[in-house]
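Peer 1: model this:
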Amino acid sequence: MNDVDHCLICGEIIPEGAQVCADCMKRHGIDAEEAQEITEELRDIAGVLSITANTDGNIKQSMESILRIADRLERKKNEKSKRTTVFAAGSIGKAKDGNNL
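Peer 2: Numbers count the residues shown, from 1 in each chain. Reported below is the predicted structural model:
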């Protein structure tokens, strides 16, 4: 029974591929989408670290992992930039007290 996955927080048996059980996600306020994103990022980091085997297949897999990490970072940067732009656009023409200039 060594090939089952366990929750990283409480140790309960969880579905394959999951990192944390549903109870711990609720208890600690972990969003399922956020947990999936973290899992994918950790999987990609593990892919990068596997480059030490020095085979062509591992080097290709590591490069693909690096590109996925870079893509996620770029999307996060763009999302943050869009939120900042929307906030700034809503603030243009308003004084600190909320009145129009």
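Peer 1: ok, residue 40 - contacts?
Peer 2: By CB atoms under 8 Å, 6 or more residues apart in numbering, residue 40 lies in contact with 68, 72. C-betas here are computed from N, CA, C, even on glycine.
Peer 1: Tell me if it really is in a helix.
Peer 2: Yes: Residue 40: assigned to a helix according to DSSP: H, G, I helix; E, B strand; the rest coil.
Peer 1: what bits of the chain have low per-residue confidence?
Peer 2: For the chain, the stretches flagged by pLDDT under 70 are 1-3, 51-54, 82-101.
Peer 1: Please enumerate the strands of it.
Peer 2: Assigned by DSSP state E, the chain shows strands spanning 5-6, 13-14.
Peer 1: Report the spatially closest residue to residue 39, excluding sequence-adjacent ones.
Peer 2: Nearest non-adjacent residue to residue 39, counting by CB to CB, 6 or more residues apart in numbering: residue 19, 5.5 Å away.
Peer 1: Test my guess that the one you found contacts residue 6.
Peer 2: No: between residue 19 and residue 6 there is no contact under CB atoms under 8 Å: 9.6 Å.
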